[in-house]
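J.: please find the sequence and the predicted model below.
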Amino acid sequence: MDDASLLELERLRKLKGNWYSVARLVSETLAANGWKPSQIAAKDWLTRASLATGLNVNTIGRMIAVREFIDQFGTMDSAGVIRNPDSLPFSTLEILKRIHGMDSSLTPTLLPLVIGGQISLRELRVRHESLLAQTPRAMTDSRSAAKRRGSDFERKARQALNQSLPEFGCSQHFKFVVRTAPSREEFVAYPDAMAISSEGRYRDRNLTAVGFDLVSQNSRSATWNVKSWQGILFRASYISSFFNRFYVIFPWEADLSSIQRLADGFSSARRFNIGVVLLKAEQEDGQNGTFEFLSRPAVDIDPEPDCRRLIDWSSGGWDRRYRQFIPNDS
């Protein structure tokens, strides 16, 4: 069925104007194989589906979400006529889906107008922006507070790391550098911070680079989305292959049981060069926080897979993405 589905997707691509059929076929193929989008087999097939349709995987995912949304309500317009869903404007329906998430009471009125072509994309965007402007202050304040907590944690973590590099096996010859704001084109293998040795290169088998990821956003929540934890696991597992040692650092208030499962996950995945660390609160006398190691990287073990030779730390090619850390900088 997989290959037949791809052929049908190619046929639909030639016909154009059939976003709903594309979304339905992709959803049915995933369901028929018992695949979840996060599974490797599903990702491989979705990549092939992307090539067959000429659409990127993210766009296909958006189409599936909008299809699921309108399937809840049907495609009857204000005159009682049931329309072909492929003929409906995808972009307008996507905006309506966002409005539904903010105020579902508007959907029964707006959806028939969208289906009947009686309201434009521009008009719907104006309504959406109006709802955004009316977002409860408490929600806005909560988001701002979470962002401030994240920035505060990252600042304190950088300061503590700069003073505690020996705890992470880094001698006085190491320089602590932090990542500048990444662009969309940045290669995924760059962590939040690194300690770079001024001595030796990889070919000398000296320890030349230690990576750090600082995980703050939403990590206080015990109900953090499972995909978020999976994202940390996959990202660290990949980036760590470029480093002798790699550390994932969480704030002290983060959910300990979930973090411990994450540490166990690294071990199960044979990522023995990864350590998981908690940053304890700043001391009452104003001194930097201290670290508690939930797990430490194994000593003198190569990462699996070993990609260290792909980066020449002596070349300086990485340095445009980083700046040397200065204590108390933000």
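T.: That came in fine, so what should we check first? Worth saying up front: this structure is predicted, and the values here are computed from it rather than measured.
J.: can I take it that R271 is in a strand?
T.: No. Counting by DSSP: H, G, I helix; E, B strand; the rest coil, R271 is not found in a strand; it is coil.
J.: low-confidence ranges, the stretch 201-330 of the chain, go.
T.: 201-207, 217-227, 281-288, 311-321, 325-330 (pLDDT under 70).
J.: OK, contacts around the nearest residue to L106 once chain neighbours are set aside?
T.: Spatial nearest neighbour of L106, chain neighbours left out: I99 (5.8 Å); criterion: C-beta to C-beta, 6 or more residues apart in numbering. For every residue, glycine as well, the C-beta is placed using N, CA and C. Going by C-beta atoms under 8 Å, 6 or more residues apart in numbering, I99 touches L106, T107, L110, L124, R127, H128, L131.
J.: just curious, which of those is nearest to S197?
T.: In terms of C-beta to C-beta, no member of these lies closer to S197 than H128, at 51.5 Å.
J.: tell me the phi and psi of the residue nearest to the spatial centre of the chain?
T.: In the chain, the residue lying closest to the centroid (C-alpha atoms, centre = their mean) is G231, at 6.0 Å. Dihedral angles of G231 (phi, psi; degrees, to the nearest 10) stand at phi -60, psi -40.
J.: gap between it and Y247?
T.: 17 Å (C-beta to C-beta, to the nearest Å).
J.: now V57
T.: 31 Å.
J.: which one of the two has more residues nearby?
T.: When V57 and Y247 are compared for neighbours, Y247 comes out ahead with 27 against 15, by other C-beta atoms under 10 Å.
J.: can you report how many residues lie near L106?
T.: 14.
J.: using the three-state scheme, assign it.
T.: Per three-state DSSP, L106 ends up helix.
J.: would you confirm that it contacts H100?
T.: Yes. Judged on C-beta atoms under 8 Å, L106 makes contact with H100 at a distance of 7.3 Å.
J.: of the contacts of I99, which is the nearest to L310?
T.: Looking across the contacts of I99 and measuring by C-beta to C-beta, the closest to L310 is H128, at 44.7 Å.
J.: and the helix or strand encompassing that closest one, how far out from the chain's middle?
T.: Element membership of H128, judged by DSSP states H and E, is helix 121-133. Chain-centre distance of helix 121-133: 27 Å, with C-alpha atoms, centre = their mean, to the nearest Å.
J.: list the buried residues of that helix.
T.: L124, R127 (16 or more other C-beta atoms under 10 Å).
J.: equivalent analysis for stretch 257-271, please.
T.: Buried residues in stretch 257-271 (16+ other C-beta under 10 Å): S258, I259, L262, A263, G265, F266, R271.
J.: so of those, which ones are in helices?
T.: Counted as lying in helices by DSSP state H, out of the buried residues of stretch 257-271, are S258, I259, L262, A263, G265, F266.
J.: for those residues, name the two members farthest from one another.
T.: Within those (distances taken as C-beta to C-beta), the two that end up farthest apart are S258 and F266, at 13.3 Å.
J.: now do D213 against L278, distance only.
T.: 14 Å.
J.: intersection of neighbour lists for the two?
T.: Joint contacts of D213 and L278 (C-beta under 8 Å, 6+ apart) are I249.
J.: how about I249, secondary structure?
T.: strand.
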